[in-house]
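Trainee: Provided below are the primary sequence and the corresponding predicted coordinates.
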Amino acid sequence: MGLTAEKDAKVRTRIFAKLEQNQDVTLQQVSDECERIVKLRHNTEKIEHKEHTTTVPYHPRSNGQVEHFVDIFKRALRKSNKEVTDEVTLLQFLRVYQVTPNLNTPGANSPAELMFARKVKSVFDKLLPGKKRKSARDDIAKLFKVVGKVYMRAYKNGKQI
């Protein structure tokens, strides 16, 4: 089952609606001059009041980033688990791609950082060593005087004696 221009428009509209609902931005759509997509998007632009920009197909200066994304996407699909559906594979890929820093973006930020203007937490953040949390007990001095009083509790087999 392939992705048609109509399905693409439905998915894109749903994604953009969610993003624009949470942000004070209007997203701009950029694509090559595929006749079916341009015609379909021209019809939806009138309804949605969206700006759609077309670029020259197979032109490295305008499509270099897109061609790179398509290459990464195809490699990810080839490596994907064949037991899960295409939709799950797509969502897993997009989740990782959104938080991966890109050297071709301003400041070498990830696409999610550029979109939301903040660092987005990911699964990979849990792999990095975090800052050591300081607890209130660390502030208490653990010094005892030789003749001072000491409070203690004694336990045996999980019961207090």
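Mentor: In hand now; what should we look at?

Trainee: give me the number of residues near the residue lying closest to Ala76 once chain neighbours are set aside?
Mentor: In space, Ala76 comes closest to Phe93 once its chain neighbours are excluded; the distance is 4.6 Å by CB to CB, 6 or more residues apart in numbering. Just so you know, the C-beta spots here come from the backbone N, C-alpha and C atoms, and that holds for glycine as well. Using other CB atoms under 10 Å, Phe93 has 17 neighbouring residues.

Trainee: Helix or strand: which one has Phe93?
Mentor: Using DSSP states H and E, Phe93 sits within helix 86-99.

Trainee: Can you name every helix or strand that that helix contacts?
Mentor: For helix 86-99, the packing partners by 3 or more CB pairs under 8 Å, 6 or more residues apart in numbering; DSSP states H and E come out as helix 60-79, helix 111-116.

Trainee: Distance check, the nearest residue to Thr100 once chain neighbours are set aside against Phe116.
Mentor: Nearest residue to Thr100, sequence neighbours excluded (CB to CB, 6+ apart): Ser110, at 5.7 Å. Noted for Ser110: a distance of 10 Å to Phe116, by CB to CB, to the nearest Å.

Trainee: How about Ala108?
Mentor: 16 Å.

Trainee: on that earlier part again, dump the helices and strands packed on helix 86-99 into TSV; add distance to Gln160, mean pLDDT and mean neighbour count as well.
Mentor: Converted to TSV, these look like this (distance: least, CB to CB, whole Å; pLDDT from 0 to 100; neighbours: other CB atoms under 10 Å):
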stretch	distance to Gln160	mean pLDDT	mean neighbour count
helix 60-79	56	76	12
helix 111-116	51	80	16
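
Trainee: Please produce JSON lines containing these, extended by distance to Met152.
Mentor: Shown next, in JSON lines, are the helices and strands packed on helix 86-99 (distance: least, CB to CB, whole Å):
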{"stretch": "helix 60-79", "distance to Met152": "58"}
{"stretch": "helix 111-116", "distance to Met152": "52"}
